[in-house]
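Student: when you get a sec, could you give me coordinates for this:
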Amino acid sequence: MGNVCLNGQNQPVVCLQDIWPVAGKKPILSDHLDVYEEVERSVPSDRPWVICCMLASLDGAVTVKGRSGALGGPADFAVLLALRARADAIVVGAGTLRAEEYGAIEIAEDARMRRLRRGQEEIPLLAVVSAGCRLDPLGDAWTGRRRNRLFTTQGADPGRLEAMTRVADVRVCDGGLVKPEAVLADLFADGHSVALLEGGPTLNGHFARAGLIDELCLTLSPLLVGGGRSIVAGEELGFPRKMRLESLHAGEGMLFARYLRD
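Tutor: Numbers count the residues shown, from 1 in each chain. You can find the predicted model right below:
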């Protein structure tokens with residue numbers, strides 16, 4: 001697998017082999033945009049729909065030498081771009097932002113046109129969560145065409161807070177922790193109906209414990225890494241959160257699973 005089907009637009013379309021559900025015995029190839037971007041989602045009435053997108057090795061590692069890139073490939077990257085193209089906001093923790101060296105969020109021209117037809121902004125909002133506001137205001141993540149958002153706490157260093165207000169819209173949350181409920185309420189108030197949670201595992205854990213992950217898009221990489229940690233870190237959830245398999249696909253030796261909240 002791993003075939004790339006050109007669709008006459010700016011970005012190639014990756015064809016994924018359907019594994020489940022499959023109506024007949026003959027293998028079916030799905031356009032990754034149909035699977036991840038154009039699929040219908042039932043947005044709640046009081047908050048955005050939350051998609052958690054993660055990449056893991058066969059033994060559960062989420063990084064190799066501190067970064068996730070070595071686990072992925074073109075098909076996985078195409079899936080991430082499709083999810084970003086559908087999201088109104090991308091939510092990421094400061095640790096992941098630094099480790100993965102996030103730049104300004106960019107969307108290809110054909111995806112921008114699809115977003116406009118759906119009534120979305122051309123580019124999704126980047127919403128960064130950092131309780132201590134330990135961020136570089138000169139970082140590439142803050143240089144995009146759209147002014148991004150930072151969620152921090154009252155315990156943040158005043159000097160760092162002042163510096164970040166020059167490059168981002170800052171939301172200061174009560175207490176020492178940025179609660180997922182506060183992030184989603186703020187995004188929903190501005191009309192953001194789909195939020196893409198890109199980690200890391202600690203932030204995923206906060207959302208999972210709050211019962212606020214509606215969809216999990218998990219790519220399983222055919223690698224053994226060792227020393228890994230769960231895609232959802234922190235304390236146990238108290239009771240398991242059941243997810244149901246919506247679809248499963250293969251491409252480039254990877255498995256692409258899409259789960260929905262049961």
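Student: could you use CA atoms for every contact and neighbour count after this?
Tutor: OK.
Student: what's across from the residue lying closest to residue 87 once chain neighbours are set aside in the sheet?
Tutor: Nearest non-adjacent residue to residue 87, counting by CA to CA, 6 or more residues apart in numbering: residue 194, 5.1 Å away. In this entry, residue 194 is beta-bridged to residue 49, by DSSP bridges.
Student: got a pLDDT number for residue 194?
Tutor: The score at residue 194 is 98. That number is its pLDDT.
Student: what sits against it?
Tutor: Applying CA atoms under 8 Å, 6 or more residues apart in numbering to residue 194 gives the contacts 43, 48, 49, 50, 51, 86, 87, 88, 89.
Student: where do the strands sit along the stretch 1-150 of the chain?
Tutor: Under the criterion DSSP state E, counting those that start in this stretch, the stretch 1-150 of the chain carries strands at the ranges 4-5, 13-20, 29-31, 49-57, 89-93, 125-129, 148-153.
Student: which helix in the protein has the most residues?
Tutor: The helix that spans the most residues within the chain, counting by DSSP state H, is helix 74-86.
Student: send the alpha carbons of that one over as CSV?
Tutor: Provided in CSV are the C-alpha atoms of helix 74-86 (Å, rounded to 0.1, in the frame of the first residue of the first chain):
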residue,chain,number,x,y,z
PRO,A,74,3.8,10.4,4.0
ALA,A,75,0.4,8.7,4.5
ASP,A,76,0.4,9.5,8.2
PHE,A,77,1.3,13.1,7.5
ALA,A,78,-1.5,13.3,4.9
VAL,A,79,-4.0,12.1,7.5
LEU,A,80,-2.8,14.8,9.9
LEU,A,81,-3.2,17.5,7.2
ALA,A,82,-6.7,16.3,6.5
LEU,A,83,-7.6,16.5,10.1
ARG,A,84,-6.1,20.0,10.4
ALA,A,85,-8.0,21.0,7.3
ARG,A,86,-11.3,20.0,9.1
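Student: quick check: the residue nearest to residue 87 vs residue 179, distance?
Tutor: In this structure, residue 194 and residue 179 are 18 Å apart, going by CA to CA, to the nearest Å.
Student: distance-wise, check the spatially most central residue of the chain relative to residue 213.
Tutor: By CA atoms, centre = their mean, the mean C-alpha position of the chain lies nearest to residue 198, the distance being 3.2 Å. Residue 198 sits 12 Å away from residue 213 when distances are taken as CA to CA.
Student: so what sits against both of the two?
Tutor: Contact criterion CA under 8 Å, 6+ apart; residues bridging residue 198 and residue 213 by contacting each: residue 52.
Student: ok so, going back, what's the closest of the strands of the stretch 1-150 of the chain to residue 204?
Tutor: Ranking these by proximity to residue 204 (CA to CA) places strand 49-57 first, at 7.6 Å.
Student: got the angle for that closest one vs helix 74-86?
Tutor: 170 degrees (axes from the mean of the first three to the mean of the last three CA atoms, to 10 degrees).
Student: for strand 49-57, name the packing helices and strands.
Tutor: Identification of packing neighbours for strand 49-57 by 3 or more CA pairs under 8 Å, 6 or more residues apart in numbering; DSSP states H and E yields strand 194-197, strand 215-221.
Student: same for the longest helix of the chain, what does it pack against?
Tutor: In terms of contacts (3+ CA pairs under 8 Å, 6+ apart), helix 74-86 is packed against strand 13-20, helix 32, helix 109-117, strand 194-197.
Student: have a look at the chain and report the helix or strand with the lowest mean pLDDT.
Tutor: strand 4-5 (a mean of 42; mean pLDDT, DSSP states H and E).
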